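Colleague: Any chance you could fold what I've pasted below:
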Amino acid sequence: MKISSENLSNELTKNFLNCYLISGDEPLLVQESHDLIRKKAYTEGFITRESYDQTQSLNWQEIINSSSNMSLFSDKKIIEIRFISSKPGREAINSIIDLIGILNQDLMLIISMPKLDKASLSAKWCQNIQKKGAIIQIWPLKSNEFPFWLEKRIKAAGLNATREAILILADRVEGNLLAAAQAIEKLKLYLGDGSVSEAVMQKVVSDDSRYDVYKLIDAILVGDIQLSLRVLQSLQNESMDAVVIIWALNRELRLLSKLSFAIESGANQNEVMQSYRIWSSRQNIVSLCLDRHRVSNFHSMIKACAHADNIAKGQEQGDKWQLIKNIILTLSTYDKAA
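Modeller: Below you'll find the model as predicted:
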């Protein structure tokens, strides 16, 4: 069967299946569909999860063997496979067909990949998924649908925004759902619950001459240490909440770690960039940062972000601003072991 992302929540309640393929080029909606399925699976007793990203070194036979050799006393298990291309390749397709054949009440499969074309949807492996489970197709929002999506998203965050405020946000993010979600999270951090006026929205998403957290991230990616530190100081002077900066750093580091892992595993860098919807205008600066670090470096900095976040929230002792500065210095400089 086929399910739209809008109807996924209702369908999961009515008929929970053990095989799902999420296909689309809008990463936020793909991830949220994935999260809905995973949350429902947990309520159904699926507490063990094995996650894989498609790489040249992915051992399909090992995955199949692991899935086939579950004992009567094993926990219910989810196998998650994320593809960076909508053309998985012959070995992967054959392995998917084999995996579908061994699915049962204690084993389920979740696959995500970019948008599939008509030929792929008609292929045997996709047909097998439709018979055993469901394909969730993620469609981009039309321009006239975007303000309504923003309004719904803002309300879900416990906020109420005026029509004018919503239009300001729509104009700023230009249809980018990830950027919109980030802006709404930023609003939530500033306001908690409450009303979002035109003036408040303008303040949060303003693109004037003052430095903001997005300029900080770009300066770090380029490797401009002096500019990065000036922007950080400017944000401090403007009383920017450290939690917002840590959140932005952590989000960027997690993305960089995924990109780095895929590339180090042999995936084509251009395909990886496209898969993660890195804007063409930002691909060069992201590449500069990837050239400076290995995936292990990004993992270490993610741990440092967690420590800084705990300090900023009063859960640990320490100097949050010094930790933020250290993370920025590390990310801005070359640290790729030979």
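Colleague: what sits against Phe46?
Modeller: Asp75, Lys76, Lys77, Ile78, Met108 (CB atoms under 8 Å, 6 or more residues apart in numbering). C-betas here are computed from N, CA, C, even on glycine.
Colleague: swap the cut-off to 10 Å and go again
Modeller: Phe16, Asn18, Ile37, Arg38, Lys40, Asp75, Lys76, Lys77, Ile78, Asp106, Leu107, Met108 (CB atoms under 10 Å, 6 or more residues apart in numbering).
Colleague: Within the helices and strands, which one has the last one?
Modeller: Following DSSP states H and E, the helix or strand that holds Met108 is strand 107-113.
Colleague: Now the element after that strand, going C-ward?
Modeller: By DSSP H and E, the next helix or strand past strand 107-113 is helix 118-122.
Colleague: Send me whichever helix or strand comes after that next one as CSV with only the CA atoms.
Modeller: With elements assigned by DSSP H and E, the helix or strand that comes after helix 118-122 is helix 124-132. Taking Å, rounded to 0.1, in the frame of the first residue of the first chain, the C-alpha atoms of helix 124-132 are listed here in CSV:
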residue,chain,number,x,y,z
LYS,A,124,10.0,-6.0,-8.0
TRP,A,125,11.6,-4.9,-4.7
CYS,A,126,9.2,-2.0,-4.4
GLN,A,127,6.2,-4.1,-5.2
ASN,A,128,7.3,-6.6,-2.5
ILE,A,129,7.4,-3.8,0.0
GLN,A,130,3.9,-2.6,-1.0
LYS,A,131,2.6,-6.2,-0.6
LYS,A,132,4.3,-6.7,2.8
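Colleague: coming back round to it: just the buried members of the contacts of Phe46?
Modeller: Burial by neighbour count, judged by 16 or more other CB atoms under 10 Å, picks out Phe16, Asn18, Ile37, Arg38, Lys40, Lys76, Lys77, Ile78, Leu107, Met108 from those.
Colleague: The first one: what's it in contact with?
Modeller: By CB under 10 Å, 6+ apart, the contact set of Phe16 is Ile37, Lys40, Ala41, Thr43, Glu44, Phe46, Met108, Gly133.
Colleague: picking that back up, also compute the angle for the strand holding Met108 relative to helix 124-132, please.
Modeller: Per axes from the mean of the first three to the mean of the last three CA atoms, to 10 degrees, the angle that strand 107-113 makes with helix 124-132 is 130 degrees.
Colleague: Could you confirm Tyr20 falls within a strand?
Modeller: Yes - assessed by DSSP: H, G, I helix; E, B strand; the rest coil, Tyr20 belongs to a strand.
Colleague: bridging residues for it?
Modeller: Ile110, Ala134 (DSSP bridges).
Colleague: can you count the residues close to it?
Modeller: 28 (other CB atoms under 10 Å).
Colleague: surely it meets Ile129?
Modeller: Yes - under the criterion of CB atoms under 10 Å, Tyr20 makes contact with Ile129 at 8.0 Å.
Colleague: which residues of the chain score low on pLDDT?
Modeller: 55-56, 70-73, 206-211, 336-338 (pLDDT under 70).
Colleague: what's the domain layout of it?
Modeller: 2-138, 146-205, 213-332 (automatic domain parsing).
Colleague: Show me how far the last one is from its chain's centre.
Modeller: Same thing as domain 213-332. Chain-centre distance of domain 213-332: 15 Å, with CA atoms, centre = their mean, to the nearest Å.
Colleague: List the buried residues for whatever helix or strand Leu253 lives in?
Modeller: Following DSSP H and E, one finds Leu253 within helix 242-264. Residues of helix 242-264 classed as buried by neighbour count (16+ other CB under 10 Å): 242, 244-250, 252-253, 255-263.
Colleague: same deal with stretch 22-34?
Modeller: Neighbour-count burial for stretch 22-34 flags Ile22, Ser23, Gly24, Asp25, Glu26, Pro27, Leu28, Leu29, Val30, Glu32, Ser33, His34 (criterion: 16+ other CB under 10 Å).
Colleague: Can you tell me which of these end up in helices?
Modeller: Those of those mapping onto helices are Pro27, Leu28, Leu29, Val30, Glu32, Ser33, His34, per DSSP state H.
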